[in-house]
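Asks: what follows is a predicted protein model with its sequence.
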Amino acid sequence: MAELFSEDWMQAFGNAWNDNGDITGPLSEAGFNSVIGYGYPDDDAPTGVIVVENGVVTAAGNYGGEDLDWDIRASRAQWDKWLSKPPGMAGLGMAFTTGKLKFKVGDYKGMMKNPSLAGPFVKSFGTMASVA
């Protein structure tokens, strides 16, 4: 498989996201539109990005300087752990609390209080694992 967060990997992730009605359905109903970056905490910028319009990924690939609504970071070891065993809500909460999951942009706590966003966010990690 392609390198994590590479253009090919991000496109496969975007396709898998769009195939998952547990993500697209609630996000579409919520009118969710966002540009989401993914990467590593010590990098200046995220590695990969997806553009979500009404819950559906409309573009995916390498980060190219887009204005981000969300910038989600974790170490390579942490991403690898989640790709082999996707976290649940409690696991993500613990990772955020301990600093293993970082949001350089975006309101993690606000998102997790909104069921129409929290559920799809958690499910997105399982979708990532299906790509890896």
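Replies: Yep, it's here.

Asks: show me where this protein has strands.
Replies: Ranges of strands within the chain are 34-39, 48-53, 56-62, 70-73, 102-105, based on DSSP state E.

Asks: ok, and what's touching the fourth one?
Replies: Defining contact as CB atoms under 8 Å, 6 or more residues apart in numbering, one finds that strand 70-73 is touched by 34-41, 43, 46, 101-106. Any C-beta I mention is one placed from the backbone N, CA and C, and that applies to glycine too.

Asks: helix or strand with the lowest mean pLDDT in this protein?
Replies: Lowest by mean pLDDT, DSSP states H and E among the helices and strands of the chain is helix 108-112, with a mean of 89.

Asks: for it, buried residues please.
Replies: If you call a residue buried by 16 or more other CB atoms under 10 Å, then helix 108-112 has these buried ones: 108, 112.

Asks: do stretch 70-87 as well
Replies: Neighbour-count burial for stretch 70-87 flags 70-74, 78-79, 81-83, 86-87 (criterion: 16+ other CB under 10 Å).

Asks: likewise for stretch 119-132?
Replies: 119-128, 131-132.

Asks: what would those look like in CSV with distance to Gly110 and pLDDT?
Replies: Output for those, formatted as CSV (distance: CB to CB, whole Å; pLDDT from 0 to 100):
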residue, distance to Gly110, pLDDT
Gly119, 15, 94
Pro120, 15, 96
Phe121, 11, 95
Val122, 15, 94
Lys123, 18, 96
Ser124, 17, 96
Phe125, 19, 95
Gly126, 22, 94
Thr127, 22, 96
Met128, 22, 95
Val131, 27, 92
Ala132, 28, 62
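
Asks: nearest to Ala12, of those?
Replies: Ranked by distance to Ala12 (CB to CB), these are led by Val131 at 4.8 Å.

Asks: so which of the strands of the chain comes closest to Asn18?
Replies: Closest of the strands of the chain to Asn18 is strand 56-62, at 5.4 Å (criterion: CB to CB).

Asks: now which of the contacts of strand 70-73 would you call buried?
Replies: Going by neighbour count (16+ other CB under 10 Å), those have 35-40, 46, 101-102 buried.

Asks: from the residues you listed, which single one is nearest Asp8?
Replies: Among these, Tyr38 lies closest to Asp8 (CB to CB), at 14.1 Å.
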